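Novice: Next one to model:
(2 chains)
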Number of protein chains: 2
Amino acid sequence: MKLGTVERPDGSAVVVEVADEQAAVLPYPDLDHLVADPDWRQAAETAADRGERIAVADLAWLPPVRRPGKVLCVALNNSANPDRIISGPDTPAMFPEPSSALVGHRRPIRLKDAYGRVHPEPELAVVIGTGGADIAVADAPDHVLGYTIFNDLTSPTMRQTDTFHYRAIHPDAEDPAGVRYVESWVSYPARYKGADTFGPLGPWMTTSGDIPDPHALRITCSHDGRVVTDDSTANLRFSVAEVIAFASGYLTLEPGDVIAMGTALKASAQGGAVQNVDLNTLGGTIEVAIEGIGVLSNPVHRR
Amino acid sequence: MKLGTVERPDGSAVVVEVADEQAAVLPYPDLDHLVADPDWRQAAETAADRGERIAVADLAWLPPVRRPGKVLCVALNNSANPDRIISGPDTPAMFPEPSSALVGHRRPIRLKDAYGRVHPEPELAVVIGTGGADIAVADAPDHVLGYTIFNDLTSPTMRQTDTFHYRAIHPDAEDPAGVRYVESWVSYPARYKGADTFGPLGPWMTTSGDIPDPHALRITCSHDGRVVTDDSTANLRFSVAEVIAFASGYLTLEPGDVIAMGTALKASAQGGAVQNVDLNTLGGTIEVAIEGIGVLSNPVHRR
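Specialist: Sure thing, here's the model as predicted:
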C-alpha cells in the first residue's frame, strides 16, 4: 500500500494509491494523524473501496509526515565510506533535522547566495509506526510503518563555516576542581543540513508489508535527467533494524518519527558525484528514485 | 506573567502564576496550543481572575512547550569562549535538539552507563510566539513569547565517539566530473545532546513584557546545593535579537520553537566548572536558576 499527504482546498489529507493512476482520500490530515489511529488500515481499505478519488497527476504533494517529532539522519552509512574515515565510531552516527526543513514532492528547493554550495544526497527513509525505547534488533521491523524517499540537501560551505577547531574543557584527572583544555573539533548541523527546503520527502510512503527487504532496492539520483548516483540499499553499512535498535537505546522513537538511512554514494556508469552537483550554481531539477517507492522530484528556485 | 504546563489527572494544562503561591488553570493543554490562539492573553486574564486554582507546590510540571517544531541550541555563545576557539565562525553556530529529549521540572534525568560522562549546561531559552523568516534584528523582540530555563545536558563521551576525522568529498576545480578528498572533522549531536531527558526545560516561562532586558539576568547552576556556575546573560556573545535574526535567515521560526542561547560558563566564587559535574558518576540533583524566571531542578536517576 502506498500512502501520501496532499494539499486540498480545505486543508491537507492522506491519500492511498488505487488502480488506474488514481488516489483515494482518507479521513486524516496527514500521516502524523493516521499513525495515531490503530484502525488506520481499515480506514484505508474503506477509502480505497469507496472514497473520493483524485488523479495522481493532479495531487499537490506535502511531506507524507508533516511535523515528525524528529527526523534522525544517519551519517556516513554507505559501504563506500570506510576508506574515507580516518578515525570515528563503529556505531551509527546521527544528527537531527528540524521538521521545518521538510518539503513535498515537486515543491521548490529555495536557495540563497548565503548558502554557498548545496548538493543533493539520495536516501532511503523509514517512517516509525510504533514508538519505543531500547528496541531489540529482532523486534525493530515491527516498529516500521513504511519507507519513503529523502533528499538530504547539504551545504558543505555552511558545514565548513560551522565547524570549529577549539579547546574542549575536560576535568583534570589530578585535580577534582580543575580543568584542562583538549584540542578538539566540533561541527553544528542546524544550517548546513536543516535550512528551509533542505529536506524534500515523499511523495509516497510504501507500507512495510510491501517492502519485504529494504536492503535490496535500487536508488538513483538524477540532475536534469542525468543519472549521477546509481546505488542499492544493499550498500548500507548499518541496516534499518540495527539503526532503529541503536537509536532507540538513546532517543525514544515516537510514531511518525523519520529515520533517514544515509546517503547512497555509488556513482552512475557515466560517473559523477553528488558533491559535483551544486544546485545553487546549476539550478534545474533534482530527482531521487527508489525501487518500489517512487520518484521524488524538486525544482531549484532562488530565494 | 508566568506560564507553565502541568500534568492533570485528565491530561495536561497551561497554568498562570497568581498571588499566594497559587496557579490558575487555562483552557489549553500546553503552550504549544496557547501560542496558536491570538486571544490567549484574554484567556489568561480570565483564568487568573476566576479559574480553578492549584498550589504551585502541588504542580506536576511538564516542559512548558511539549513538542516544539524545533529546539535550536546556540553553541559557544559565552564571552568566556573566544580564548577557546582556535578557528571557527563569527556567526551563531547552532544545532537542533529533538523534542523527545525534553523533560519538565523535578522529573528525573535518567542516565545509562553507555552515556559515559554527562554534565549540565545552564542556559536561557527563548520561546517564539510569532514565527517568521528573514526577521530583522530590530523586529526580533516582537517574535518572543517569553523566556524559560534550559539545562542542555551534554555527554562529552558520546561527543568524542560521534566525532569523525574523515576525508570530505569536494569538487575538483580542474575536472568538472572529478572529486578530491579534503581531510576534515565532523561531529554529530543526536546522542550527545539529544538523548532522552537531556533537555530539562521550565518550570515557568516568563512572558517577554516582564523581562525588559534578557541580557541582565543572573544565571546560576548548582549541584546538590553547591553553586558551580554564577554568570549573567550579559555575557552572551550574540544577543537574543541577533540570534533570532540570524537563525530566521536560514530556518523559518515557528510559534512554540525554542532557542537555547548557549551555556553560561563563568565559574562561581567557590570555583568549579560544569564539566567537572559528571552526573552519571555523582548522581544527586542539578538546578539552574535564572533571575526573574525561576529555578529548574532535576534529580538524577539510573536507567
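Novice: So which residues on the stretch 201-303 of chain A come close to chain B?
Specialist: Proximity of the stretch 201-303 of chain A to chain B, by CB under 8 Å from any CB of the partner chain, involves residues A:247, A:249-252, A:254, A:271-273, A:275-276, A:278. From N, CA and C alone the C-beta is placed, and that goes for glycine too.
Novice: right, and the pair among the residues you listed with maximum separation?
Specialist: A:T252 and A:G271 (42.7 Å; CB to CB).
Novice: And these two? Which one has more around it.
Specialist: The residue with more neighbours, out of A:T252 and A:G271, is A:T252; 21 against 10, by other CB atoms under 10 Å in any protein chain shown.
Novice: pretty sure the more buried one is touching A:G132, no?
Specialist: Yes: in this structure A:T252 lies within contact range of A:G132 using CB atoms under 8 Å: 7.1 Å.
Novice: Pull out the buried residues from the residues of the stretch 201-303 of chain A next to chain B.
Specialist: A:247, A:249-252, A:254, A:272-273, A:275-276, A:278 (16 or more other CB atoms under 10 Å in any protein chain shown).
Novice: Just send those residues back as CSV, with secondary structure too.
Specialist: Formatted as CSV, these follow (DSSP: H, G, I helix; E, B strand; the rest coil):
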residue, secondary structure
A:A247, helix
A:G249, coil
A:Y250, coil
A:L251, coil
A:T252, coil
A:E254, coil
A:G272, coil
A:A273, coil
A:Q275, helix
A:N276, helix
A:D278, coil
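Novice: can you tell me which of those residues lies nearest to A:W204?
Specialist: The nearest member of these to A:W204, counting by CB to CB, is A:E254 at 21.7 Å.
Novice: Which strand residues bridge A:V227?
Specialist: On the basis of DSSP bridges, A:V227 is bridged to A:S222.
Novice: Only C-alpha atoms, please: export stretch A:169-187 in CSV.
Specialist: The C-alpha coordinates for stretch A:169-187 follow below in CSV (Å, rounded to 0.1, in the frame of the first residue of the first chain):
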residue,chain,number,x,y,z
ILE,A,169,37.0,21.7,28.6
HIS,A,170,37.7,18.4,30.4
PRO,A,171,38.0,17.5,34.1
ASP,A,172,41.6,17.4,35.3
ALA,A,173,42.4,13.9,36.4
GLU,A,174,44.9,15.2,39.0
ASP,A,175,42.6,18.0,40.5
PRO,A,176,38.9,17.3,41.1
ALA,A,177,38.2,21.1,40.9
GLY,A,178,40.5,21.8,38.0
VAL,A,179,40.0,21.6,34.2
ARG,A,180,42.3,21.1,31.3
TYR,A,181,41.8,22.1,27.7
VAL,A,182,41.9,19.4,25.0
GLU,A,183,42.1,20.5,21.3
SER,A,184,39.0,19.2,19.5
TRP,A,185,36.8,19.7,16.5
VAL,A,186,33.1,20.1,16.6
SER,A,187,30.6,20.9,13.9
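Novice: just how off-centre is it within its chain?
Specialist: Relative to its parent chain, stretch A:169-187 has a centroid offset of 36 Å by CA atoms, centre = their mean, to the nearest Å.
Novice: Does that stretch reach chain B?
Specialist: Yes: judged by CB under 8 Å from any CB, stretch A:169-187 comes into contact with chain B through A:169-171, A:176-179, A:181, A:183-187.
Novice: I'd say A:A93 and A:L72 touch.
Specialist: No: if you go by CB under 8 Å, A:A93 and A:L72 don't touch, sitting 10.8 Å apart.
Novice: okay, these two: which has more neighbours?
Specialist: Taking neighbours as other CB under 10 Å, A:A93 and A:L72 compare with A:L72 leading, 29 against 25.
Novice: Identify the bridge partners of that one.
Specialist: A:P96, A:I259.
Novice: Neighbouring strands - and their directions - for the helix or strand of chain A with the lowest mean pLDDT?
Specialist: In chain A, no helix or strand scores lower on mean pLDDT, DSSP states H and E than strand A:85-87, which sits at a mean of 87. Using DSSP bridges, strand A:85-87 pairs in its sheet with strand B:163-172 (antiparallel).
Novice: Contacts made by the partner strand with the rest, please.
Specialist: Residues from elsewhere that reach strand B:163-172, judged by CB atoms under 8 Å, 6 or more residues apart in numbering or on different chains: A:75-76, A:83-89, A:93, A:156, A:184-186, A:273, A:275-276, A:278, B:178-188.
Novice: What's the mean pLDDT across that strand?
Specialist: For strand B:163-172, mean pLDDT is 91.
Novice: after it comes which helix or strand?
Specialist: strand B:175-187 (DSSP states H and E).
Novice: who does that following strand touch, helix- and strand-wise?
Specialist: With contacts taken as 3 or more CB pairs under 8 Å, 6 or more residues apart in numbering or on different chains; DSSP states H and E, strand B:175-187 sits against strand A:163-172, strand A:175-187, strand B:163-172.
Novice: Can I get those in a markdown table including mean neighbour count and distance to A:V18?
Specialist: Below are those laid out as a markdown table (neighbours: other CB atoms under 10 Å in any protein chain shown; distance: least, CB to CB, whole Å):
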| stretch | mean neighbour count | distance to A:V18 |
| --- | --- | --- |
| strand A:163-172 | 18 | 48 |
| strand A:175-187 | 15 | 45 |
| strand B:163-172 | 18 | 42 |
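Novice: Enumerate the residues of the stretch 1-150 of chain A near chain B.
Specialist: With the criterion set to CB under 8 Å from any CB, the stretch 1-150 of chain A comes near chain B through A:67, A:69-70, A:72, A:75-76, A:83-89, A:91, A:93-101, A:112, A:114-115, A:133.
Novice: could you pull out the helices for the stretch 1-150 of chain A?
Specialist: With DSSP state H, counting those that start in this stretch as the criterion, the stretch 1-150 of chain A has helices at A:31-34, A:40-50.
Novice: Pick the most buried one from these.
Specialist: With neighbours taken as mean count of other CB atoms under 10 Å in any protein chain shown, those reach their highest mean count in helix A:31-34, at a mean of 24.
Novice: contact partners of it?
Specialist: So helix A:31-34 is contacted by A:3, A:5, A:14, A:26, A:28, A:40, A:43, A:64-68, A:127, A:145, A:205, A:256 (CB under 8 Å, 6+ apart).
Novice: Write a PyMOL command that selects only the buried members of these.
Specialist: Here is the PyMOL command that selects only those of these that count as buried (16+ other CB under 10 Å):
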select buried, chain A and resi 3+5+14+26+28+40+43+64+65+66+68+127+145+205+256
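Novice: Alright, I will stop here.
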